[in-house]
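>>> My questions concern the predicted model and sequence given below.
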Amino acid sequence: MAEYRKYCYWLDPHSLNKVRNLLEQGGIRLEEEGRIPCRVLRPSLDIRVLTSSAWNGFCKRKTSWYWKSDKAKKSLIVSSTPLQYPGLDSPIIIHESNFQPNRFPLPEDVTQLVQSKEFEKNKPRLWDKVTIAEKDTYQRWLKRFHVQESFDFDRIFMMQSANHANFLDPKFFTVVGEAVTPYSIAKSAYICSSCLEFFNILGGQWRVKYVVPCLGAVQFARVPQDMYFRIES
């Protein structure tokens, strides 16, 4: 993971076509990711485009926030190097960090976050519709990643919800300069759909934030479990 860095650019369909053509003129084929959003973060991938269909793919319920955001119907180019093309301004920059939070939430803090007005206002209807099959799958994933605690999906889901809420209306944050800088409030095993924070679907109003990858990103993007990544806008 030495020197891990990704540059992310949101584009509407017209702008994407223009950039795709320019890349192809330079001998670069822009391959698409249309099923698992976090997979574009793999260290081994130089450049990919994340299409809108990916948000209805493997993590459809978890990533349904995309369709309520200002990024809906847009595509995302993710590159290991900055791109110098018209329309590709102000990238989201993702890189590893040594950040560690001073504190994590107590149960009463988790409840407060989930009950926040910002969370309720922004939450998509699909978010709460967890199936039994999903719960079973998550239990298997926790075993695969050697999580030893007894399985309590309701508690895990509360933490996942609270984590998203903390990037909408932060209660757990550090200060960089004079700027509020929210961070993930749990380790990877209790985080869900971290792609939403990596790609500024949630928390895009903060100049800097620190994000822990969910287990899906650990599995599919092959990034380190429990590491905080610094996201700069």
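Yes, it's here. Numbering: from 1, shown residues only.
>>> what's near enough to touch W55?
For W55, the contacting residues are 37, 63-64, 66-67, by CB atoms under 8 Å, 6 or more residues apart in numbering. Every C-beta, even on glycine, is put in place using the N, C-alpha and C of the backbone.
>>> Could I get the phi/psi values of it?
Phi and psi for W55, reported as degrees, to the nearest 10, are phi -80, psi -10.
>>> W65: what's it in contact with?
122-124, 127, 164, 193, 196, 201-202.
>>> repeat that for 6 Å
124, 196, 201 (CB atoms under 6 Å, 6 or more residues apart in numbering).
>>> repeat for W206
P182 are the contacts of W206 under CB under 6 Å, 6+ apart.
>>> Show the model's pLDDT score for the residue nearest to S79 when sequence neighbours are not counted.
Counting by CB to CB, 6 or more residues apart in numbering, S79 lies nearest to I47, which is 4.4 Å off, once chain neighbours are set aside. On pLDDT, I47 comes in at 97.
>>> how many other residues sit next to I47?
As a burial measure, I47 scores 18 neighbours (other CB atoms under 10 Å).
>>> can you give me the helices in the chain?
13-25, 107-114, 117-122, 132-144, 153-168, 195-198, 215-220 (DSSP state H).
>>> and stretch 100-120, which residues are buried?
Along stretch 100-120, these residues count as buried under the neighbour rule (16 or more other CB atoms under 10 Å): 101, 105, 109-110, 113-114, 116, 119.
>>> Likewise for stretch 10-18?
Neighbour counts using 16+ other CB under 10 Å place 10-11, 15-16 of stretch 10-18 among the buried residues.
>>> One more: stretch 146-156?
Using 16+ other CB under 10 Å as the test for burial, stretch 146-156 gives 147, 153, 156.
>>> What is the nearest of those residues to E178?
Nearest to E178, judged by CB to CB, of these is I156 at 34.6 Å.
>>> quick one: contacts for V218?
V218 touches 188, 225, counting by CB under 6 Å, 6+ apart.
>>> and the gap between it and I28?
28 Å (CB to CB, to the nearest Å).
>>> any chance you could map the strands in the chain?
5-11, 32-33, 47-50, 75-79, 92-96, 173-176, 179-182, 208-211, 229-232 (DSSP state E).
>>> For R20, find the nearest of these.
strand 47-50 (7.6 Å).
>>> Highest neighbour count among the contacts of W65?
L196 (28 neighbours).
>>> That one: what's its closest spatial neighbour, skipping adjacent residues?
Nearest one to L196, counting by CB to CB, 6+ apart, is L202 at 4.5 Å.
>>> Same question for S90.
S90 sits nearest to S233 (CB to CB, 6+ apart), 7.3 Å away.
>>> what domains does the record give for this protein?
5-91, 107-232 (automatic domain parsing).
>>> Spell out for me which residue occupies the centre of the chain.
Among the residues of the chain, the one closest to the centroid is C195, at 1.8 Å (CA atoms, centre = their mean).
>>> ok, of the buried residues of stretch 10-18, which one's closest to D136?
For the buried residues of stretch 10-18, the nearest to D136 is W10 (34.4 Å; CB to CB).
>>> what are the phi and psi angles of the closest residue to that closest one other than its chain neighbours?
In this structure, W10 finds its nearest non-sequential neighbour in K74, 5.0 Å apart by CB to CB, 6+ apart. Note on K74: backbone dihedrals following degrees, to the nearest 10 are phi -90, psi 160.
>>> isn't K74 right up against C8?
No. Contact criterion CB atoms under 6 Å: K74 and C8 do not qualify, at 11.4 Å.
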